[in-house]
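# structure of the sequence below:
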Amino acid sequence: MDKYRVALTVEERTSLEQLVSAGAAAARRLTHARILLLADEKHGDACSDDEIVSALGTSVRTIGRLRKRFVTEGLEAALDHRPQPPRPDKIKIKGNIEQKLVELACSDPPEGRAHWTLQLLVDELIVLGLVDTISTVTVWQALKKMTSNPGL
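Below is the predicted model:
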């Protein structure tokens, strides 16, 4: 595996040193700045990955990913948190299934019951053939998303 070499410009090094000395940033951003400063090969002796791990308490894999992101995408991309990508395939209740769930929850409960429970709603969605399997937590999250604010 090739090691990505961090070579900071004077401006980048100055901005990172100011960021670290101010200490008024997210912990991840400060840690990434410290890693880049320690890994800089252009100004002084660069620390090895093992030395950075022992100094900052991070993992070797984190340092490798940060080196790669700095070299390929630049300083700001290396400092900023990369958000998780959306996972639309993980959403089981959407569209007409969500609409049917809300209709069920707002309708009268089955005979002999005072109100709909999450398990009753799950069972009804399966009986209607809208889903194969679904958890009560998924139904709860979908209903929680649909609740309205009576104060509005």
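# which secondary structure elements does the one helix or strand in the chain whose mean pLDDT sits lowest contact?
One helix or strand of the chain scores below all others by mean pLDDT, DSSP states H and E: helix 136-146, with a mean of 86. Packing contacts for helix 136-146, counted by 3 or more Cβ pairs under 8 Å, 6 or more residues apart in numbering; DSSP states H and E, involve helix 96-106, helix 118-127. For every residue, glycine as well, the C-beta is placed using N, CA and C.
# will you turn these into TSV that also has mean neighbour count?
Shown next, in TSV, are the helices and strands packed on helix 136-146 (neighbours: other Cβ atoms under 10 Å):
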stretch	mean neighbour count
helix 96-106	14
helix 118-127	16
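# would you single out the least confident of the ones you listed?
Lowest mean pLDDT within the helices and strands packed on helix 136-146: helix 96-106, at a mean of 90.
# name the helices or strands packed onto it?
helix 118-127, helix 136-146.
# how about the ones you listed, which one is nearest Glu17?
In terms of Cβ to Cβ, the element of those nearest to Glu17 is helix 136-146, at 44.4 Å.
# hey, where'd the strands end up in this protein?
Under the criterion DSSP state E, the chain carries no strands.
# show residues contacting stretch 42-58.
Contacts of stretch 42-58 with the rest of the structure, by Cβ atoms under 8 Å, 6 or more residues apart in numbering, involve 6-9, 13, 31, 34-35, 38-40, 59-60, 63-64.
# straight-line length of stretch 98-114, end to end?
Using Cα to Cα, to the nearest Å, one end of stretch 98-114 lies 23 Å from the other.
# centre of the chain to it, how far?
34 Å (Cα atoms, centre = their mean, to the nearest Å).
# tell me how many other residues crowd Leu36.
As a burial measure, Leu36 scores 23 neighbours (other Cβ atoms under 10 Å).
# need the pLDDT of it.
The model reports Leu36 with a pLDDT of 95.
# which ones are touching it?
6, 8, 16, 66, 70, 75, 78-79.
# mind redoing it with 10 Å?
Neighbour list for Leu36: 6, 8, 12-13, 16, 20, 52, 63, 66-67, 70, 75, 78-79 [criterion: Cβ atoms under 10 Å, 6 or more residues apart in numbering].
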